[in-house]
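Asks: Just a sequence and a predicted model for now, questions to come.
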Amino acid sequence: MQNQPFTFELPFDSGLPTTWDTHTTRRLSSMKGQYADHAAYAALLPDDPILYEVYEIKRPEIEGELLQGVTVIHPGKVGDEYFMTKGHFHKVLETGEVYLCLRGEGMMVLENPEGDSSVLPFRPGQVLYVLPRWAHRSVNVSTSEDLVFFFAYPGNAGHDYGTIEQQGFRKLVVEDDGTPQIIDNPRWQGQKP
Ligand code: S6P
Ligand code: ZN
């Protein structure tokens with residue numbers, strides 16, 4: 001781990017950082033129950049494709065530090081739903097996060113415990129600010145190109161994956177006639193505030 005201020009490159013052609021400390025891959029099998037089309041999920045499971053990869057710079061997970069890295073979501077669909085991240089609240093709910101889209105075409109699905117939800121388009125050159133209290137999931141709405149983005153968030157934030165695993169997001173992004181559409185999640189299992 002660096003103990004001096006440092007730089008690293010995010011070349012716009014690849015979007016990949018030139019250095020990183022950890023590289024995590026998430027496969028379809030880690031998304032059980034998240035895709036609305038359970039039959040399509042089951043049909044793809046034997047291949048267990050990699051949906052996305054996260055490259056991170058290691059820093060102490062404490063207040064005052066920032067954790068940063070790059071996520072690459074590959075193109076693909078499960079039924080009508082695009083490849084997407086698991087999504088999470090931060091364990092410290094009052095945590096904001098900054099994203100910068102580098103490549104591809106995406107959407108960010110967000111919601112808070114108060115019942116508000118939002119789905120924002122996410123294009124190269126756009127910065128997206130995730131407000132404190134809002135769960136977030138990134139969706140690659142291209143079926144041919146990777147979606148690549150940089151993120152930074154406070155070191156003490158932690159992650160709460162369990163709430164989304166259990167209740168899902170209120171909104172889904174699905175392909176309809178070749179274009180992304182936002183629909184209500186018929187299986188959303190949260191409690192209305
Ligand atoms: C972390 C930040 C991103 C995601 C990454 C993968 O707070 O929001 O780095 O970790 O995009 O998503 P997920 O939901 O699997 O952590
Ligand atoms: Zn986050």
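Replies: Sure, I can see it. Predicted model only: the values in this text are computed from it and were never measured. Ligands and ions are numbered 1, 2, ... in the order given.

Asks: From now on I want contacts and neighbour counts done on CA atoms only, so please keep to that.
Replies: Fine.

Asks: For stretch 155-169, what is the distance to the chain centroid?
Replies: 12 Å (CA atoms, centre = their mean, to the nearest Å).

Asks: How about stretch 115-135?
Replies: Remark: stretch 115-135 is offset 11 Å from the chain centroid, using CA atoms, centre = their mean.

Asks: and that stretch, how far apart are its ends?
Replies: 11 Å (CA to CA, to the nearest Å).

Asks: I'd like the mean pLDDT over it, please.
Replies: The average pLDDT for stretch 115-135 rounds to 97.

Asks: Return the per-residue confidence for the residue of the chain at minimum distance from ligand 1.
Replies: Among the residues of the chain, Gly87 lies closest to ligand 1, at 3.3 Å counting by CA to the nearest ligand atom. Here the pLDDT value assigned to Gly87 is 98.

Asks: for it, what are its contacts?
Replies: Going by CA atoms under 8 Å, 6 or more residues apart in numbering, Gly87 touches 135-138, 161, 164.

Asks: I'd like these as CSV, with secondary structure and neighbour count appended.
Replies: As requested, the contacts of Gly87 are exported to CSV (DSSP: H, G, I helix; E, B strand; the rest coil; neighbours: other CA atoms under 10 Å):
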residue, secondary structure, neighbour count
Ala135, strand, 24
His136, strand, 25
Arg137, strand, 18
Ser138, strand, 24
Tyr161, coil, 15
Ile164, helix, 21
